[in-house]
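Q: quick one, what's the 3D model for this:
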Amino acid sequence: MDADYSRATDGATERGSDGLTVLGLETSCDETAASVVRLTAAGAEVLSSVIHSQIDEHAAFGGVVPEIAARSHVEMIDGVARRAMAEAGIDYAALDGVAATAGPGLVGGVMVGLSYGKAVALARDLPLIAVNHLEGHAVSARLGAETSYPFLLLLVSGGHCQLLEVRGIGDMSRLGTTIDDAAGEAFDKIAKAMGLGYPGGPALEKLAASGDGSRFDLPRALLGRKDCDFSFSGLKTAASRLAQTCESEQDKADLADAVQKAIARQLAERTERAMTAYAEQHPELEPAGGALKQPSAAREAVGPKNERHFVVAGGVAANKTIRRTLEDLATKHGFSFLAPPMVYCTDNAAMIALAGAERLEKGLTSDIDVAARPRWPLDEARANADPVHKKTGRKGAKA
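A: Numbering: from 1, shown residues only. As a prediction, the model looks like this:
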């Protein structure tokens, strides 16, 4: 019998007066991360968040090398986890559970964090919560404010680009997804073609600030389709070819600006369709009063539960042009707007700990023999029934 990733226990775990405290572990790509998060009635409190980045180890190759990443995770995971516990100022006896990314991601790296989480769970007699990395991103905005469910989510990162209706932890429906490349992947590969180094997304954004992209006419994808799917492969190919014609730094800056605006435009076009459909399907949700800024030090709830909420999460959510474009779109269509604090846009363990705490509160834990998954769609039923990539492969549906 297969191991259960989300097994309902006898009952939900109460937060109690001190809340639920969970250690989170994240090793799905090129960051080794650990975090302690406490979930209370007031929301999520990050007690510690430690991230070891492998950027320097992969920079010479222009991208992540899976074997190098996995070896680095093995070397760093224990020290990173110990530091997270020390910075949180608690010992293992104060934990209510341990959450670890179980996929999707580079499976060699995922195995490291998941195995370490299993060891902690066994040694300390704690519940193990295997977390979908994408579900961590889905709830990451709740690290900045107590955002109420449901909400419309744009999850946009280096490996994923999806629009989802999020009704609660473990309850999400896919509205649209990329049919080829992700937005973050397009950023990185175009930046590489322009000789901007790794990671390419931030470098391209910085260069675009001094550019004028109006001189370049980049292709627009899927204009004849009425769904909410994305496609960035044509843009990636066209921009990479144009990069070979750039003769000056200003040429590169202009192309960078054109690329950034083209990606922002497509994200906005597809999101606008999703907002329209979401509003029609949920007439009980009222238009919000306007875009909501990030909360101050005092934790604030983001809007009443009967309002429309829009969340953008993932590494690309850190791009200021894209964030501003989507914030304007949310205001136009009567959605409140929220994105995670910048530090929680890219991969981190605080989002994994929060997802684990929310699952634990609902009584959802995992078998100790769960396996690492290279592919793990958030809406698995939709991905299997209506795969974007018709050949799903032996590892299962991709998105």
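Q: go ahead and confirm Thr276 touches His333.
A: Yes. Contact criterion C-beta atoms under 8 Å: Thr276 and His333 qualify, at 7.3 Å. C-beta: built from backbone N, CA, C; applies to glycine.
Q: who's more crowded, those two?
A: Neighbour count, other C-beta atoms under 10 Å: between Thr276 and His333, His333 has more, with 18 against 12.
Q: quick one: contacts for the more buried one?
A: Glu272, Met275, Thr276, Ala279, Pro287, Arg308 (C-beta atoms under 8 Å, 6 or more residues apart in numbering).
Q: show me what the helix or strand harbouring the third one is packed against.
A: Spelled out, it's Thr276. Assigned by DSSP states H and E, Thr276 belongs to helix 249-281. Counting contacts by 3 or more C-beta pairs under 8 Å, 6 or more residues apart in numbering; DSSP states H and E, helix 249-281 packs against strand 151-156, strand 161-168, strand 171-177, helix 183-193, helix 200-208, helix 233-243, helix 320-332.
Q: tell me what angle the shortest one forms with strand 161-168.
A: Yep, that's strand 151-156 we're talking about. 150 degrees (axes from the mean of the first three to the mean of the last three C-alpha atoms, to 10 degrees).
Q: also the third one?
A: Strand 171-177 and strand 161-168 meet at an angle of 160 degrees, taking the same axes, to 10 degrees as the criterion.
Q: show me what strand 171-177 is packed against.
A: Short answer (3+ C-beta pairs under 8 Å, 6+ apart): strand 171-177 packs on strand 161-168, helix 249-281, helix 380-385.
Q: each with direction, which strands does it pair with?
A: strand 161-168 (antiparallel) (DSSP bridges).
Q: just the angle between the partner strand and helix 249-281, please?
A: 40 degrees.
Q: now Asp229: how far from Ala119?
A: Going from Asp229 to Ala119 by C-beta to C-beta, to the nearest Å gives 41 Å.
Q: the two: who's more crowded?
A: Asp229 (21 against 12).
Q: how about the more buried one, phi and psi?
A: Backbone torsions of Asp229, given as degrees, to the nearest 10, read phi -80, psi 160.
Q: who are the contact partners of it?
A: Counted by C-beta under 8 Å, 6+ apart, Asp229 has contacts Gly176, Thr177, Thr178, Ile179, Leu222, Arg270, Val388.
Q: distance of the fourth one from His58?
A: Between Ile179 and His58 the distance is 27 Å, computed by C-beta to C-beta.
Q: just the last one next, same as before
A: Val388 is 28 Å from His58, where distance means C-beta to C-beta.
Q: cool, the third one as well?
A: Between Thr178 and His58 the distance, using C-beta to C-beta, works out to 23 Å.
Q: which one of the two is surrounded by more residues?
A: With neighbours defined as other C-beta under 10 Å, Thr178 and His58 compare such that Thr178 has more, 25 against 19.
Q: per-residue pLDDT, the more buried one?
A: Looking at Thr178, its pLDDT reads 95.
Q: same question, the one 5 residues further on
A: Listed pLDDT for Ala183 reads 95.
Q: secondary structure class of Pro377, three-state.
A: Following DSSP: H, G, I helix; E, B strand; the rest coil, the label given to Pro377 is coil.
Q: give me the nearest residue to it, chain neighbours excluded.
A: Excluding its sequence neighbours, the residue lying closest to Pro377 (C-beta to C-beta, 6 or more residues apart in numbering) is Ala383, at 3.6 Å.
Q: quick one: low-confidence parts of the stretch 251-399 of the chain?
A: Flagging of the stretch 251-399 of the chain using pLDDT under 70 yields the residue ranges 290-305, 389-399.
Q: returning to that earlier point: of the contacts of His333, grab the buried ones for PyMOL.
A: Command for PyMOL that selects the buried part of the contacts of His333, burial taken from 16 or more other C-beta atoms under 10 Å:
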select buried, resi 272+275+279+308
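Q: farthest pair within the contacts of His333?
A: Glu272 and Pro287 (14.9 Å; C-beta to C-beta).
Q: against Lys189, how distant is Arg265?
A: Distance, Arg265 to Lys189, by C-beta to C-beta: 19 Å.
Q: higher neighbour count, those two?
A: Taking neighbours as other C-beta under 10 Å, Arg265 and Lys189 compare with Lys189 leading, 20 against 14.
Q: would you check how far apart that one and Pro202 are?
A: When Lys189 is compared with Pro202 (using C-beta to C-beta), they lie 14 Å apart.
Q: before we move on, what about Thr346?
A: 10 Å.
Q: and the two? which has more neighbours close in?
A: Legend: neighbour count by other C-beta under 10 Å for Thr346 and Pro202, higher for Thr346 (25 against 18).
Q: ok, and the closest non-adjacent residue to that one?
A: Gly315 (4.5 Å).
Q: quick check: the one you found touching Glu185?
A: No. Using C-beta under 8 Å, Gly315 is not in contact with Glu185, being 10.6 Å away.
Q: what touches both of those two?
A: Gly158.
Q: who's Leu364 bridged to?
A: Ala8.
Q: so it touches Ala130, yeah?
A: No. If you go by C-beta under 8 Å, Leu364 and Ala130 don't touch, sitting 9.9 Å apart.
Q: identify the contacts common to these two.
A: Looking at what touches both Leu364 and Ala130 (by C-beta under 8 Å, 6+ apart), the common residues are Ser6.
Q: okay, the two: which has more neighbours?
A: Between Leu364 and Ala130, counted using other C-beta under 10 Å, Ala130 has the larger neighbour count: 29 against 22.
Q: separation between the more buried one and Ala318?
A: In terms of C-beta to C-beta, Ala130 sits 27 Å off from Ala318.
Q: got it, and Leu242?
A: 25 Å.
Q: no further queries at this time; thank you.
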